[in-house]
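S.K.: quick one: sequence plus predicted model below, questions after.
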Amino acid sequence: MLNDPKAPASPSPMPVRWLRTKTGFALSLVLMGGTLLLSLLFSASVGVAGGNIRILINTLFHPAASSDMGRIMLEMRMPRAMAACFTGAAFALAGGVMQGVTRNPLADAGLLGVNAGAGFFVALTAVLLPPLSSIGTMLFAFMGAALAVLMVYGIGIGKHKSGSIRLILAGSAVSALLTALSQGISLTFGLSKSLSFWTAGSLSGITWQSLLLTAPWIAGAGLISQLLSGRLSVLALGEESAAGLGVNVWAVRLTGMGVVLILAGASVSLVGGISFLGLIVPHIARFLAGEDYRRLLPVSALLGAILLVLADIAARSINAPFDTPVGALVSAIGVPVFLALTYRKKGAVL
């Protein structure tokens, strides 16, 4: 059963209450921004070929006189680090917006089949339209994500509203179906090796060209999500209350789902399906910043970017010189958190 909304909330610890003040929130954004910058520099500086931050900084300021190691950092490691930054923020934002739109604390682009739908259509394009451009692949990823959303809501919606557990079960079923179809396609047409890393979520082989193609979509959708954040905060009060305060509930939901489709579709087309990031990060951000989506979403974006950049560093280091799929590391963290969110307070189901 759902937790009693009338139950008194336990008081937040003093440091958390301070973070939710204007000064604390501003300082936390500066701190997270600095942490993200350092993480990006560290990610571009380390690798099996060597390197250090001094070489990277010299290359950034004097690209014409860069060494071979500097060019490796600039052309191979830096786009990979930036892709982790953008897609980490995108997955976290997609999860936060979806949780606000559905008013479902377990909503996530991966759990609700959006990633699997985008991945299925990308697998289809690899077989049916192999010479398709990157922008075409991204458009097909959007179409697959939209198909998955329609399937999940068609199965999981009730008479008046969608329940948390029913929606999650529908998302799990749709994800399993579309993932099985993707794997069947890859095995039938001999693409299993090339698609396996992508399905598990991999940042290997990212180029500046592919990053520059997807980054504007992610940045634009992120901006729209921030413009929508105030209405999401009102929607959290309930549909009737939001409508009474002049919020067009259906317009907010439609815009929000469009934002989720763009964020998830662009990210999956670039790095593959990385589940659970959009589930765990908004809950961490909610604990730190509170329930106001005007603060929750930017904190989610920064935390998601930091988490995926650090996870990618770990993925490159665990079994060097071979890559470990970064999606596997994120899932290893996300599964226990998902279980903790599902059964909290002595087994009460959300």
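M.R.: Cool, got the structure.

S.K.: going forward, measure contacts and count neighbours with C-alpha atoms only.
M.R.: OK.

S.K.: residue 299 reaches residue 27, doesn't it?
M.R.: No. Contact status for residue 299 versus residue 27: not in contact, 11.6 Å apart, counting by Cα atoms under 8 Å.

S.K.: so what pLDDT did the residue of the chain most remote from its centre get?
M.R.: For the chain, the residue at maximal distance from the C-alpha centroid (Cα atoms, centre = their mean) is residue 65, at 36.7 Å. As predicted, residue 65 sits at a pLDDT of 74.

S.K.: helices along the stretch 51-200 of the chain, start to end?
M.R.: 53-61, 68-72, 78-102, 114-128, 134-156, 164-188, 192-200 (DSSP state H, counting those that start in this stretch).

S.K.: distance from the chain centre to the second one, please.
M.R.: When you say that, I think you mean helix 68-72. Put simply, helix 68-72 sits 30 Å off its chain's centre (Cα atoms, centre = their mean, to the nearest Å).

S.K.: same question for the fourth one.
M.R.: Here helix 114-128 shows a centroid-to-chain-centroid distance of 18 Å under the convention Cα atoms, centre = their mean.

S.K.: tell me what angle it forms with helix 78-102.
M.R.: Following axes from the mean of the first three to the mean of the last three Cα atoms, to 10 degrees, one obtains 130 degrees for the angle between helix 114-128 and helix 78-102.

S.K.: state the mean pLDDT of helix 114-128.
M.R.: Average pLDDT, helix 114-128: 84.

S.K.: now residue 98. Nearest residue, chain neighbours left out?
M.R.: The shortest distance from residue 98 to any non-neighbouring residue, by Cα to Cα, 6 or more residues apart in numbering, is to residue 107 (6.0 Å).

S.K.: can you get me a residue count around the one you found?
M.R.: Residue 107 has 25 neighbours, counted by other Cα atoms under 10 Å.

S.K.: now do the contacts for it.
M.R.: 95, 98, 99, 168, 279 (Cα atoms under 8 Å, 6 or more residues apart in numbering).

S.K.: check what pLDDT it gets.
M.R.: 79.

S.K.: which stretches of this structure have low pLDDT?
M.R.: 1-15, 157-165, 192-199, 341-350 (pLDDT under 70).

S.K.: most centrally placed residue in it?
M.R.: residue 91 (1.0 Å).

S.K.: helix, strand, or coil at residue 274?
M.R.: Per DSSP: H, G, I helix; E, B strand; the rest coil, the secondary structure class of residue 274 is coil.

S.K.: would you check that it makes contact with residue 327?
M.R.: Yes. Counting by Cα under 8 Å, residue 274 does reach residue 327; the two are 4.7 Å apart.

S.K.: what is in contact with those two at once?
M.R.: Taking Cα under 8 Å, 6+ apart as the contact rule, residue 274 and residue 327 both touch 200, 201.

S.K.: looking at those two, which one has more neighbours?
M.R.: Set residue 274 next to residue 327 and count neighbours by other Cα under 10 Å: residue 274 wins out with 30 against 26.

S.K.: what sits against that one?
M.R.: Residue 274 makes contact with 91, 110, 115, 200, 201, 268, 326, 327, 330, 331 under the criterion Cα under 8 Å, 6+ apart.

S.K.: try it again at 10 Å.
M.R.: Taking Cα atoms under 10 Å, 6 or more residues apart in numbering as the contact definition, residue 274 lies against 87-88, 91, 109-110, 115-116, 198-202, 264, 267-268, 308, 325-331.

S.K.: my guess is residue 304 contacts residue 33, does it?
M.R.: No. Under the criterion of Cα atoms under 10 Å, residue 304 makes no contact with residue 33, lying 11.7 Å away.

S.K.: of the two, give the one with the bigger neighbour count.
M.R.: Taking neighbours as other Cα under 10 Å, residue 304 and residue 33 compare with residue 304 leading, 28 against 17.

S.K.: in contact with the closest residue to residue 306 other than its chain neighbours, which residues?
M.R.: Nearest non-adjacent residue to residue 306, counting by Cα to Cα, 6+ apart: residue 36, 5.3 Å away. Contacts for residue 36 (Cα under 10 Å, 6+ apart) come out as 30, 42, 85, 302, 303, 304, 305, 306, 307, 309, 310.
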